[in-house]
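Colleague: sequence and predicted structure are below.
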Amino acid sequence: MPDTKLYDILGVSRNASDQEIKKAYHKLAKTHHPDKNPESAEKFKEISFAYQVLTDDNKRRIYDTYGLDGLKEGGGSGGGGVAMRIKITSSIICSSLHHCLGSMADILGQFFGGDSPFGGHPFGGLFGHSTMGGGRNRRRKGDDIAHPLKVTLEQLYKGDTRALEISRKVICSTCNGAGGRDGAKQTCTTCRGHGIQIITRQIGPNMMQRMQQVCKDCNGEGDIINERDRCKNCQGKKTIDQKKKLEVVISPGSRHEQQLRFPGESDQAPNMEPGDVIVVLQQEPHATFQRSGDNLIMKHKINLVESLCGFQLVITHLDGRQIVLKHPPNDPIAPETYRCVKGQGMINMRTHDTGDLIIQFDVEFPPEKSLIDPHILKKLESILPKRSHVEIPTGEHVEDVHMIDFHTTKSAHDDRRGNRREAYEAGDSDDEGGHPGVQTCRSQ
């Protein structure tokens, strides 16, 4: 009984014409294409293999005469006589169906009940692939695309779900990524289908440089489609633009610059595995808190009375809780000192421990005008610890001086504005106006 397995895969009779086979293939390919239906990848390989065999006159004749075993062994008696008549070219192995040698090896392995009869790849002995092994040759993966997503510190603290709309390229469903009608694709004569050109230019006397560049005629595609034959939906570009919304889950304790990966959501291209979309969290500045690892840091200003006599402070946390902080009067707080509230920081995503809330205090002293009254000064002196006693020397070597406000400037430009003078400058410097970082005193 003749072997009809390949005809059965396409759903056609043994007497089907090339046009009927092509029509059946395109109908099945739309249903089982991996880009549309990933679960039908193996089925699509079988459909593609059957199409390649039955649309090639020599291979179809061998298959009709000897079946699959004829393709496996080179066809009937007479050793390799029939096999020598099979015109195997690189376009057959990797044609517009976008299947590589590895996929063909898997298909032959399924039909022949094991590994490919030609080694690791079908026809591998003819093209030097027999040493590559029987593993599958994966499609080349496209580039990953990063999308920044601005988030608040509250969202990083509590967690949140955000919708991110992206724009990407997907395979044209009208032409299935072919770019035009069947058979309209022609190999670019400029680059011979490679998509790149080798150019030579002179860079000096008797010196030449060889460089690669993308072929300008086919834009690196390797093939050209006449304008009249191009797909009307994608204009021959093989892909179309698509907008898609991604659901970005922000876990509690997520960090600034943290990357969230969405596999296969990047741009699609024929014969290429889509890359990934990488969402990069970008924390916006917060009015109250700064983050340092798992700790939260905030600044708070208190006056001298609060520093010496204690105070109460209400802090609105990132989740809306009101934290009441009570500081006793017997623990004075000095300027520019830090205090810690345990367990009120950020959660650690890995350990689920919680950091601390660190408060930097700035003590504000009373204004000068409030300390002019001598009665108030005497009252303060009677309450506060006594000042230390200093013996004042006498003689000609003793000089009385007074202090003024002291400031550090970031630039010497301030010194030329006339409202400041230099406190000191480098003695050996020949530069005019001093150096950045000069410390100056303000005139009173």
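Modeller: Yes, it's here. Numbers count the residues shown, from 1 in each chain.

Colleague: which residues touch stretch 345-355?
Modeller: Identification of contacts with stretch 345-355 by CB atoms under 8 Å, 6 or more residues apart in numbering yields 156-157, 251-254, 291, 293-296, 343-344, 356-358. To be clear about C-beta, it is placed using only N, CA and C from the backbone, and glycine gets the same treatment.

Colleague: and Cys188, what does it touch?
Modeller: By CB under 8 Å, 6+ apart, the contact set of Cys188 is 195, 215, 217-218, 221-224.

Colleague: try 7 Å
Modeller: Taking CB atoms under 7 Å, 6 or more residues apart in numbering, we find Cys188 in contact with 215, 217-218, 222-224.

Colleague: list buried residues within the residues you listed.
Modeller: Buried members of these, scored by 16 or more other CB atoms under 10 Å, are 215, 218, 222-224.

Colleague: picking that back up, show me which pair in the contacts of stretch 345-355 is furthest apart.
Modeller: The most widely separated members of those, counting by CB to CB, are Ser251 and Ile358 (23.4 Å).

Colleague: who has more neighbours, the two?
Modeller: Ile358 (19 against 12; other CB atoms under 10 Å).

Colleague: and the more buried one, how far is that from Pro328?
Modeller: Ile358 sits 19 Å away from Pro328, going by CB to CB, to the nearest Å.

Colleague: and for Tyr338?
Modeller: Distance, Tyr338 to Pro328, using CB to CB: 17 Å.

Colleague: cool, and Gly159?
Modeller: Separation of Gly159 from Pro328 (CB to CB): 36 Å.

Colleague: out of the two, which sits in the busier spot?
Modeller: Neighbour count, other CB under 10 Å: between Gly159 and Pro328, Gly159 has more, with 15 against 8.

Colleague: for the more buried one, list the residues it contacts.
Modeller: Contact analysis of Gly159 by CB under 7 Å, 6+ apart lists 250-252.

Colleague: let's see which of the contacts of stretch 345-355 end up in strands.
Modeller: Among those, DSSP state E puts 291, 295-296, 357-358 in strands.

Colleague: let me know the secondary structure of the closest residue in space to Pro270 that isn't next to it in sequence.
Modeller: Leaving aside its sequence neighbours, Pro270 sits nearest to Gly177 (CB to CB, 6 or more residues apart in numbering; 3.9 Å). Of the three states, Gly177 takes coil under DSSP: H, G, I helix; E, B strand; the rest coil.

Colleague: same question, Lys43
Modeller: What three-state DSSP gives for Lys43 is helix.

Colleague: buried set for stretch 203-216?
Modeller: Quick answer for stretch 203-216 (16+ other CB under 10 Å): Cys215.

Colleague: how many neighbours does Glu227 have?
Modeller: Glu227 has 8 neighbours, counted by other CB under 10 Å.

Colleague: ok, it to Ala178 distance?
Modeller: Distance of Glu227 to Ala178, given as CB to CB: 15 Å.

Colleague: neighbours around Asn303, how many?
Modeller: A count of nearby residues for Asn303, using other CB under 10 Å, gives 13.

Colleague: please shift the residue numbers so they start at 45 in all later answers.
Modeller: Will do, 45 is the new start, and the previous item becomes Asn347.

Colleague: leaving out chain neighbours, which residue sits closest to it?
Modeller: Once flanking residues are discounted, Asn347 sits nearest to Glu408: 5.0 Å by CB to CB, 6+ apart.

Colleague: buried residues in the helix or strand encompassing Ala94?
Modeller: Using DSSP states H and E, Ala94 sits in helix 85-98. Within helix 85-98, the residues that count as buried by 16+ other CB under 10 Å are 88-98.

Colleague: could you dump the residues you listed to JSON lines with distance to Leu208?
Modeller: Shown next, in JSON lines, are these (distance: CB to CB, whole Å):
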{"residue": "Phe88", "distance to Leu208": "31"}
{"residue": "Lys89", "distance to Leu208": "34"}
{"residue": "Glu90", "distance to Leu208": "38"}
{"residue": "Ile91", "distance to Leu208": "36"}
{"residue": "Ser92", "distance to Leu208": "36"}
{"residue": "Phe93", "distance to Leu208": "40"}
{"residue": "Ala94", "distance to Leu208": "42"}
{"residue": "Tyr95", "distance to Leu208": "40"}
{"residue": "Gln96", "distance to Leu208": "41"}
{"residue": "Val97", "distance to Leu208": "45"}
{"residue": "Leu98", "distance to Leu208": "46"}
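
Colleague: closest one of these to Lys422?
Modeller: Using CB to CB, Phe88 comes nearest to Lys422 of the buried residues of helix 85-98, at 96.9 Å.

Colleague: any figure for the gap between the closest one and Asp101?
Modeller: Computed as CB to CB, the Phe88 to Asp101 distance reads 24 Å.

Colleague: cool, and Arg305?
Modeller: Taking CB to CB, one finds Arg305 at 48 Å from Asp101.

Colleague: ok, now Pro411?
Modeller: 101 Å.

Colleague: try Arg245
Modeller: Distance from Arg245 to Asp101, by CB to CB: 46 Å.

Colleague: Gln404 contacts Leu340, doesn't it?
Modeller: No - counting by CB atoms under 7 Å, Gln404 does not reach Leu340; the two are 11.5 Å apart.

Colleague: of the two, give the one with the bigger neighbour count.
Modeller: Just comparing Gln404 and Leu340: by other CB under 10 Å the higher neighbour count belongs to Leu340, 25 against 14.
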